[in-house]
Structures are given as C-alpha cells and as structure tokens.
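A.B. asks: next comes the sequence, and after it the predicted model I'd like to discuss.
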Amino acid sequence: MMNIRYIATIDHQDYLIDIIDERHVALNGQVCEIDFASVGDQPIFSLLIDGKSYETFVYPQEDDWQVLLLGTLYSVRVEDEREKRLRAAAGGKAMERREFHLKAPMPGLIIAIPVSEGQKVNKGDVLVILESMKMQNELKSPREGVITRLRVNVGDSVEQSQTLLSVV
C-alpha cells in the first residue's frame with residue numbers, strides 16, 4: 001500500500017492529498033478514483049476523476065506548478081508534510097516578496113492585455129488573455145503587486161514557458 005501524503009496550496013488554501021494507490025487518492029479525506037496520463041510530448045494531460053474527464057496543462061516553475069484547468073490558471077505549491085513544516089518555520093512569506101514572472105502555459109496568441117506597466121493589481125486580476133486550441137484562457141495574478149516589464153503585445157504569438165510579464 002502506497003499511502004503517501006502531500007499538501008497542495010492554492011490561493012493560500014491547503015488541500016490534504018493522500019495517494020492511496022495508483023488509481024485512488026483522498027482529497028481532504030474524500031476518496032476519488034483517478035487516472036492521469038500525458039497526451040503527446042506537450043504538457044497536456046488527460047485527467048479522469050470519478051469518471052469525469054478533464055484536459056489540463058501542467059508545467060513546473062521554480063517554486064510551484066502552473067495548472068491550467070477549465071480556462072483558469074492556478075499556481076499550485078505541492079509539498080510533503082515535512083517540507084511544509086520547514087517552510088512555515090522559516091517564515092514562508094519570502095516567496096511573495098520576489099518578482100513573479102507570468103509564463104505562457106502553452107503556445108498561443110495574445111488576444112488581450114488588460115493591464116499596463118506600473119499598474120497595481122490584486123490577486124486574481126486578469127493579466128493576459130491567451131488563445132490556444134480555440135480556447136481563451138485568462139491568466140490571473142497569483143498575488144498583489146505592480147506590473148513591471150510587459151514583454152508581449154496584443155497579437156503576438158508566444159511559445160510555452162515564454163515570460164509574458166512580471167509582477168513585483
């Protein structure tokens with residue numbers, strides 16, 4: 001029996017994940033049947049949760065994972081229990097003082113940039129709208145800050161992991 005425990009943090013909310021076996025996880029104590037498989041050589045994954053199918057884009061960054069699911073981009077930190085305790089003891093807010101670089105989760109076309117350099121943004125504000133595979137994806141700010149270094153313009157084609165802008 002596997003039974004490995006992780007803590008996933010999304011928007012300052014912790015989710016307890018127990019990996020029971022290759023086909024089952026418990027999310028905050030609720031057991032789900034899962035299937036998670038890579039599709040091709042892109043960071044696209046087929047995700048089945050209790051028989052419901054989802055297509056998701058997942059790519060790693062320095063301190064977290066960027067997950068695009070149902071048109072929403074999530075910044076997800078995944079740690080085991082020991083890592084979480086060590087980060088908390090070290091005062092875990094250090095990451096929020098650093099510059100955040102918004103990167104394209106997939107190749108696409110920039111169709112809107114509703115922010116400008118020097119603009120103050122709140123957590124959850126839409127920073128860029130990226131069209132990919134005929135879907136418009138709103139890329140949102142993971143925290144409060146000020147927009148610095150816009151690196152793309154409306155109409156630009158971008159590659160996966162290309163830096164679009166920065167927030168400090």
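C.D. replies: Cool, the structure landed.
A.B. asks: could you use CA atoms for every contact and neighbour count after this?
C.D. replies: Fine.
A.B. asks: next, residue 83: secondary structure please.
C.D. replies: For residue 83, the assignment made with DSSP: H, G, I helix; E, B strand; the rest coil gives helix.
A.B. asks: spatially central residue in the chain, please.
C.D. replies: residue 66 (2.4 Å; CA atoms, centre = their mean).
A.B. asks: and that one, what are its bridge partners?
C.D. replies: Judged by DSSP bridges, the bridge partners of residue 66 are residue 59, residue 75.
A.B. asks: helix or strand with the lowest mean pLDDT in this protein?
C.D. replies: helix 94-97 (a mean of 50; mean pLDDT, DSSP states H and E).
A.B. asks: before we move on, the earlier item: how far away is the residue nearest to the centre of the chain from residue 74?
C.D. replies: 6 Å (CA to CA, to the nearest Å).
A.B. asks: which residue ranges of this structure form helices?
C.D. replies: In the chain, the segments counted as helices under DSSP state H are 81-89, 94-97.
A.B. asks: break this protein down into its domains, please.
C.D. replies: 1-95, 99-168 (automatic domain parsing).
A.B. asks: quick revisit: can you tell me how far the residue nearest to the centre of the chain sits from residue 123?
C.D. replies: Counting by CA to CA, the gap from residue 66 to residue 123 is 15 Å.
A.B. asks: do the same with residue 160
C.D. replies: 23 Å.
A.B. asks: cool, and residue 149?
C.D. replies: Applying CA to CA to residue 149 and residue 123 gives a distance of 18 Å.
A.B. asks: likewise residue 21?
C.D. replies: Distance of residue 21 to residue 123, computed by CA to CA: 35 Å.
A.B. asks: tell me the contacts of residue 143?
C.D. replies: The contact partners of residue 143, taken as CA atoms under 8 Å, 6 or more residues apart in numbering, are 96, 121, 122, 123, 124.
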